[in-house]
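Enquirer: When you get a sec, could you give me coordinates for this:
(one chain, ligands or ions: 1)
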Amino acid sequence: MKGIVFTEFIDMVESKFGLGMMDDIIESANLPSGGIYTAVGTYDHSEMVELIVGVSKRTNISVNHLLKIYGKHLFVILMNSYAHFFPNIKSAFDLFEQIDSHIHVEVLKLYPDAELPKFNTQRLDANTIEMLYQSERKMADFADGLIEAALEYFNETANVQIEHLNDSGSLVKFIISKV
Ligand code: HEM
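Expert: Below you'll find the predicted structure:
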């Protein structure tokens, strides 16, 4: 998992819960990186899980909810850093359709070792899109946060319906209906 995902997570936790909590989590976890991340480095996904579980235990906020909050937070940062990738995206649905075919393709060019999910998107009608999320990292809650932030970014309102298609969380269907 890319370092930017770690550095921004640590910044978010420090700004919401203070500096001490993250230090305490890093000290008590046995992280191969020692808790030192650079934005362009690559680290094991399990380290992210350890950090999130650490925050969850100390705040009583569920891991799923923390992932969603973090997705919302990171979206704005990604859009600010990488907006030049998507000059032709005019709506949240445009963006959803281009994650797999364009956005994450560009991410892979920049960071060939990035670990990205697979999204199959299909417009069901003018106001509805289906997105099928597939990833062994099982971060659909993070995707949910990114999706919500994208709708807010384009000033759109929609219902997001989520259906888990297996027990592990690696296959999740989102149905997004504009209201
Ligand atoms: C609504 C829009 C988006 C969705 C739903 C989405 C979804 C995801 C998810 C779920 C992951 C976690 C990895 C996994 O589940 O396997 C991820 C990783 C990532 N995405 Fe996206 N993404 C979106 C937009 C973007 C944008 C705009 C960028 C910026 C160019 C971006 C860049 C990245 C990067 C750098 C990673 C980390 C890869 C790694 O750690 O190796 N994504 N994305």
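Enquirer: Let me see the domain layout of this structure.
Expert: 3-61, 91-178 (automatic domain parsing).
Enquirer: Of all the ones you listed, which one comes closest to residue 69?
Expert: Smallest distance to residue 69 across those (C-beta to C-beta): 6.3 Å, for domain 91-178. Bear in mind the C-beta positions are built from the backbone N, C-alpha and C, glycine included.
Enquirer: what mean pLDDT does the closest one have?
Expert: In this model, domain 91-178 has a mean pLDDT of 97.
Enquirer: quick one: is that domain near the ligand?
Expert: Yes: Domain 91-178 reaches the ligand (C-beta under 6 Å from any ligand atom) through 95, 99, 103-104, 107, 114-117, 135, 137, 139, 142-143, 146-147, 150.
Enquirer: From those residues, list just the buried residues.
Expert: 95, 99, 103-104, 107, 116-117, 135, 139, 142-143, 146-147, 150 (16 or more other C-beta atoms under 10 Å).
Enquirer: quick one: which of the residues you listed sit in helices?
Expert: 95, 104, 107, 142, 143, 146, 147, 150 (DSSP state H).
Enquirer: Closest to residue 130 out of those residues?
Expert: The closest of these, once distances to residue 130 are taken by C-beta to C-beta, is residue 147, at 12.1 Å.
Enquirer: And the longest helix seen in the chain, what's buried?
Expert: The longest helix of the chain (DSSP H) is helix 63-82. Residues of helix 63-82 classed as buried by neighbour count (16+ other C-beta under 10 Å): 66, 67, 68, 69, 70, 71, 72, 73, 74, 75, 78, 79.
Enquirer: Ok, stretch 5-15 next?
Expert: Residues of stretch 5-15 classed as buried by neighbour count (16+ other C-beta under 10 Å): 5, 6, 7, 8, 9, 10, 12, 13.
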